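Q: I'd like to go over a predicted model; first the sequence, then the structure.
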Amino acid sequence: MTEQAPLILCVEDNDDLRTDIAEELVDNGYRVLECAGGRDALEQLDVVTPDLILCDVLMPGANGYDVLRQVRETRPDLAGVPFVLLTALAEPAEVIDGKRRGADDYLVKPIDFDLLLATIEARLREVRRIHVQRNRDLERMRENLESVVSLAGETAFRQAATAFDHLAHGVILVDADYRVLHANNATKAIALDARHTLIETRANDGSQHLTAPLVRELGSLRDADGADQGCPCCFRLEHPQAARELLVVAFPCAGASEATATPPDAAPPRPAKAFVPAGEGNLIVFVIDPGARPSAPPEALEKLFDFTPTEARIALSLAEGRRSDEIATTHGVSSTTVAFHIRNMFQKTGTHRQADLIALILGGPLTLALG
């Protein structure tokens, strides 16, 4: 399957300039969705997810800062989408203000198209690095769970599987018939919050299975993408009555299957269910709610990234969508102090922008559930 070119949302009320920018981007291999104003852009963001947002500041109605605030405060699923402001205001104070509001870059008019293309390329390259790291985390998580399922007996497996109850993302282990072998606590919480039914109990035997929409998507993608040969199934789970769509990533694994248990010598042989390293077609299913804001406890951030207690609290405040000035007021420090701690966190996490730092706290598959 050919990978689609990155989609750039271009928001500019000047028709001629917007057309020039769009043509330049298309000529350089990008797809472009044009919007003539902020309200139009916010409506488009309800139905599409761009790879980067390019937005003018001074526009009638909803201006660029309004769009930026809406995206950063109400759309955590877009935390990893770079936001680049375009403006004729070249004063350093304007640039600093825009970045403090959550912008990733700030380009001054008249537009230097070479600088524009270089900025877009650099921001998308950063996003790709984040995605690669997330995929590695998912793969490590899959391998660890597969090892538990393959090597452990039933009791040991049940004990080990409880570790996944501390994760904020849903984790479901199913066999080849989509029977649920284990589902962590987050699976139920995600289903309740987003109003998706993920697991159903069958009346005839009381066994739990994935619901038909999940089975249908997993089955079709397994056939199309060859998931049984090790490829992940990735899709969005939609439902007309659901509050929002969920993101699903499923991996094949050697897993649990039924076998004949060996009883003590004194007892007659009898069939029983046991977990053994055999199960062709078994799947590990990760369910992620983009509308949720899971995050690690402060103590976990301190240990993971060598944050100080203050840095951990500020990091969580950023993840909750608070601005730097709000964080300063809440913690009784100056905005300069908050900026100092954010710079330290960039250095400790290897990130270079606030959106990447937030994405690291919110989005990783090893994110812990609070409480």
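A: Perfect, thanks for sending it.
Q: can you show me the helices along this structure?
A: Applying DSSP state H to the chain gives helices spanning 15-27, 38-45, 64-74, 92-100, 113-151, 154-161, 185-194, 212-225, 298-305, 309-319, 324-331, 335-349, 354-363.
Q: could you single out the most deeply buried of the ones you listed?
A: helix 354-363 (a mean of 23; mean count of other Cβ atoms under 10 Å). Bear in mind the C-beta positions are built from the backbone N, C-alpha and C, glycine included.
Q: tilt between that helix and helix 92-100?
A: Comparing the axes of helix 354-363 and helix 92-100 via axes from the mean of the first three to the mean of the last three Cα atoms, to 10 degrees yields an angle of 10 degrees.
Q: just the angle between helix 354-363 and helix 335-349, please?
A: Going by the same axes, to 10 degrees, helix 354-363 makes 70 degrees with helix 335-349.
Q: and helix 354-363 with helix 324-331, angle?
A: Counting by the same axes, to 10 degrees, helix 354-363 points 60 degrees away from the direction of helix 324-331.
Q: make CSV out of the helices of the chain and add distance to L85 and mean pLDDT.
A: Output for the helices of the chain, formatted as CSV (distance: least, Cβ to Cβ, whole Å; pLDDT from 0 to 100):
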stretch, distance to L85, mean pLDDT
helix 15-27, 13, 95
helix 38-45, 12, 92
helix 64-74, 5, 88
helix 92-100, 5, 76
helix 113-151, 11, 77
helix 154-161, 46, 57
helix 185-194, 32, 80
helix 212-225, 38, 73
helix 298-305, 29, 80
helix 309-319, 19, 87
helix 324-331, 17, 86
helix 335-349, 19, 89
helix 354-363, 13, 72
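Q: can you redo these as JSON lines with distance to C55?
A: Formatted as JSON lines, the helices of the chain follow (distance: least, Cβ to Cβ, whole Å):
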{"stretch": "helix 15-27", "distance to C55": "11"}
{"stretch": "helix 38-45", "distance to C55": "7"}
{"stretch": "helix 64-74", "distance to C55": "5"}
{"stretch": "helix 92-100", "distance to C55": "10"}
{"stretch": "helix 113-151", "distance to C55": "13"}
{"stretch": "helix 154-161", "distance to C55": "45"}
{"stretch": "helix 185-194", "distance to C55": "29"}
{"stretch": "helix 212-225", "distance to C55": "34"}
{"stretch": "helix 298-305", "distance to C55": "31"}
{"stretch": "helix 309-319", "distance to C55": "21"}
{"stretch": "helix 324-331", "distance to C55": "20"}
{"stretch": "helix 335-349", "distance to C55": "23"}
{"stretch": "helix 354-363", "distance to C55": "14"}
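Q: my guess is A41 contacts C35. True?
A: Yes. Counting by Cβ atoms under 8 Å, A41 does reach C35; the two are 4.3 Å apart.
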